[in-house]
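K.L.:
got a predicted structure plus its sequence, pasted below:
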Amino acid sequence: QVQLVESGGGLVQDGGSLMLSCAASGRTFTYDGMGWFRQAPGKEREFVASISWTGGSTWYADSVKGRFTISRDNAKSTLYLQMNSLRPEDTAVYYCASGSTQEDVVNYDYWGQGTQVTVSS
């Protein structure tokens, strides 16, 4: 079992920045691919970014490429998502997940409870 707890969400103005964190506990975190997803009201959960277990490879959705950066600190069992140049359309609940680097939600084994990000215009 892996427990994932997100933090760092909040309300920010258009063009602002936030950093999300996802603390992992339980079974070893080090060898899992990890990802960030988001879900806006009335929409399906969508892929945002993922990272390999070494941190050496990363993938991004086109909508966030160049604005968001995913990273991880295996010594701290923590995943991060630095979000810059935020837009109102980035408003969603953000989830971290472990077990894959793929874009499809079905490939991930464990999920956090989510953290709300709201970008005001």
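P.N.:
Okay, I see it.
K.L.:
in this protein, which residue is most central in space?
P.N.:
Trp36 (2.5 Å; C-alpha atoms, centre = their mean).
K.L.:
flag every buried residue along stretch 69-87.
P.N.:
For stretch 69-87, a neighbour-count test (16 or more other C-beta atoms under 10 Å) marks Thr69, Ile70, Arg72, Asn74, Ser77, Thr78, Leu79, Tyr80, Leu81, Met83, Leu86 as buried. No exception for glycine: its C-beta is placed from N, CA and C like everyone else's.
K.L.:
which of those residues lies closest to Cys22?
P.N.:
Of all the buried residues of stretch 69-87, Leu79 has the smallest distance to Cys22: 4.1 Å, by C-beta to C-beta.
K.L.:
Arg72 is in contact with that closest one, correct?
P.N.:
Yes - proximity of Leu79 to Arg72 meets the contact threshold set by C-beta atoms under 8 Å, at 4.9 Å.
K.L.:
residues in contact with the longest strand along the chain?
P.N.:
In terms of residue count, the longest strand belonging to the chain (DSSP state E) is strand 18-26. With contacts defined as C-beta atoms under 8 Å, 6 or more residues apart in numbering, strand 18-26 is touched by 1-10, 12, 34, 36, 76-83, 86, 94, 96, 98, 112, 115, 117.
K.L.:
alpha carbons of it, in CSV - could you do that?
P.N.:
Extracted in CSV, the C-alpha atoms of strand 18-26 (Å, rounded to 0.1, in the frame of the first residue of the first chain):
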residue,chain,number,x,y,z
LEU,A,18,1.9,27.6,-7.1
MET,A,19,3.9,24.6,-6.1
LEU,A,20,2.0,21.4,-5.3
SER,A,21,3.6,18.7,-3.2
CYS,A,22,2.6,15.0,-2.8
ALA,A,23,4.0,13.2,0.2
ALA,A,24,4.2,9.4,-0.1
SER,A,25,4.3,6.8,2.6
GLY,A,26,4.0,3.1,3.0
